[in-house]
Structures are given as structure tokens and as C-alpha cells.
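> Below are the sequence and a predicted model for it; my questions follow.
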Number of protein chains: 2
Amino acid sequence: MAEERLGGFEELVLLAVAGLAGDGYGVTIRDHLEEGTGNRVSVGAVYATLDRLQRKGLVKSRMGGTTAERGGKRKRLFRITGRGQAAMAEARTLRDYLWNAIQAPARS
Amino acid sequence: MAEERLGGFEELVLLAVAGLAGDGYGVTIRDHLEEGTGNRVSVGAVYATLDRLQRKGLVKSRMGGTTAERGGKRKRLFRITGRGQAAMAEARTLRDYLWNAIQAPARS
DNA sequence: TTGATTATATCTACATAATAGAATAAATTC
DNA sequence: GAATTTATTCTATTATGTAGATATAATCAA
């Protein structure tokens, strides 16, 4: 274990990609994060982070087909990789450990 | 809500400070994090982060008395503030939201 | 078949956070 | 007061995070 160090925003984006189950792309990922945070998230920030995650092998992307919707450039769809899932789980385990130390302090 | 943006490592350090219940200082905080992560954490990284957290008002520090132990400089002891606890809780809520979206995908 | 419209992705430039390791400081002990 | 111990602060560099402007590719209307 103990692989890639994961930045804070990277972790959020990774979770969002996972939550969108392979069908997420820039805009929906951004929206999902905004829903969760209640804050504005710029799409540029999301893409920069997705690129970094992809370089690290934590997500993969493929171009979506040309849908018969309303126009616009083709989507770049993201899905999480096995290593991405591992990183996600590891980050969670660490945080659980730290939270647990707060709620149940070891007695001398 | 929606206060300070909290960096990833900042969040971990904040949790460690909380876990050490007001008696944590550079070295013990580092140790606590290393235990959790299994990775090496440099003490310089910890202090830099503590300073940032203090500037943001999420932790406070006081100098420890001169203990009758074995020597060495006095400790700078850290405790979490109310705002720190709020930030901590907020970060957790956000992550729970994102995790929940993974485990229980909304059906159309 | 061109121009307007829409949806999306990429680029650019800058700000903030993370990091390791060296240097410094303050206490104790002999 | 020199050596030892424990802890903090400094320095310099790299990695992440961020917003907004710009570019691209699709559809639709005439």
C-alpha cells in the first residue's frame, strides 16, 4: 500500500468520478462537487485535476459518442481505475483512524 | 458554513491535533500521522501546516512549561478551536456525501 | 452550406499548499 | 560551560488548486 499521495481536491474529484459510475465528465463532475460543497467549483479546476489523476493512473477517460442531443463538443467520460479505488479506500481508512482517535481517546 | 478551504494535509493535521486533545506538539503530531498513514511524515511539513492552520484560526498554540524531563527546547502545544472543529466536521460531511453517492447511486 | 447557438474541453497564468532537510534555539546534565 | 537532548524555525523547491479566457466540435435554422 502507501502509494500515491493524494491531494485534497484530487480526492474529492476521484470520489465524484466514482459516484458517477463511469458516465461522469467535466460538467457533471463539477456539478456533483458543487452539490456536495455548496460552493462554486470552476470547471477548469476540475479538468486540471482530472488530468493529474489520469497521469497517476487513478482514472481513465474515453471520448463519448456523438449523442443526438442538442449540440456541443463530444464528452470526455471518466471512470475510476482499480488503483483509483485503492487510493480512495486508503484515504478513507486513514481518516477513519484519525477520527476514531478523537472519539475514543486511548487511556494511558 | 462554507468557510475556509481546507487542504488535504491540513485536514489530517487538524484531526491529529484534535485527537491529541490539547497536548499535541510537533513531534507527537508527526508520530500520530505516521502511525495512521504508515508513511514517513517530515516534521517540517507538520509545522508549516500548523502555522497555516493557526493563521486561519483553526488551531491555537501555547508554550508548554519547562518539564523536568530530559532536556530540550520547550514544546509548543496545539489545541483545536471551535472554528477548527466546524471545519473538520464540514470536511467530513462533504466526504460522507460523496461516498454515499457511490454506495447508493440515485436511480433515474 | 453557412452562420448562430450550444455544450464541452483545453489553455494560461497565478496563488496556495506540501515537502524535506538544514539550521537554530533552549533546556538538562556532567 | 561544554556536551547532549529535544524541539522549533527557516529555506528552497515542487506539487496542487483555482478562475477565467479561449478554442473546438457538435446541432439547428435559414
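Received it, and whenever you're ready, just let me know what you need. Numbers count the residues shown, from 1 in each chain, chains lettered A, B, ... in the order given.
> At the contact with DNA strand C, which residues of chain A appear?
A:5, A:7-8, A:25-27, A:43-44, A:47-48, A:69-77 (C-beta under 7 Å from any atom of the strand). No exception for glycine: its C-beta is placed from N, CA and C like everyone else's.
> what's in contact with stretch A:27-37?
Residues outside stretch A:27-37 that contact it (C-beta atoms under 8 Å, 6 or more residues apart in numbering or on different chains): A:12-13, A:16-17, A:19-20, A:24, A:40-43, A:46, A:50, A:78, B:2, B:94, B:97-98, B:101.
> Is there proximity between it and DNA strand D?
No: contact of stretch A:27-37 with DNA strand D (C-beta under 7 Å from any atom of the strand) is absent, the minimum separation being 9.0 Å.
> how about that stretch: buried residues?
Across stretch A:27-37, burial judged by 16 or more other C-beta atoms under 10 Å in any protein chain shown covers A:T28, A:I29, A:R30, A:D31, A:H32, A:L33, A:G36, A:T37.
> Restricted to strands, list the residues you listed.
Counting by DSSP state E, no part of the buried residues of stretch A:27-37 is found in strands.
> Max pairwise distance over those residues: which two?
A:T28 and A:T37 (15.0 Å; C-beta to C-beta).
> Tell me where chain A has helices.
Ranges of helices within chain A are A:8-19, A:26-37, A:43-55, A:82-103, based on DSSP state H.
> Now mean pLDDT too, for these, in TSV please.
Output for the helices of chain A, formatted as TSV (pLDDT from 0 to 100):
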stretch	mean pLDDT
helix A:8-19	96
helix A:26-37	93
helix A:43-55	96
helix A:82-103	93
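> Burial-wise, tell me which of those helices comes out on top.
helix A:8-19 (a mean of 24; mean count of other C-beta atoms under 10 Å in any protein chain shown).
> tell me what that helix is packed against?
Using 3 or more C-beta pairs under 8 Å, 6 or more residues apart in numbering or on different chains; DSSP states H and E, the elements in contact with helix A:8-19 are helix A:26-37, helix A:43-55, strand A:76-80, helix A:82-103, helix B:8-19, helix B:82-103.
> Dump these to JSON lines, plus distance to B:G64.
Converted to JSON lines, those look like this (distance: least, C-beta to C-beta, whole Å):
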{"stretch": "helix A:26-37", "distance to B:G64": "37"}
{"stretch": "helix A:43-55", "distance to B:G64": "40"}
{"stretch": "strand A:76-80", "distance to B:G64": "45"}
{"stretch": "helix A:82-103", "distance to B:G64": "21"}
{"stretch": "helix B:8-19", "distance to B:G64": "14"}
{"stretch": "helix B:82-103", "distance to B:G64": "19"}
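> Nearest to A:G64, out of the ones you listed?
Between the helices and strands packed on helix A:8-19, strand A:76-80 lies closest to A:G64; by C-beta to C-beta that is 5.0 Å.
> So for that closest one, mean pLDDT?
Averaged across strand A:76-80, the pLDDT comes to 95.
> What is that strand packed up against?
With contacts taken as 3+ C-beta pairs under 8 Å, 6+ apart, strand A:76-80 sits against helix A:8-19, strand A:59-63.
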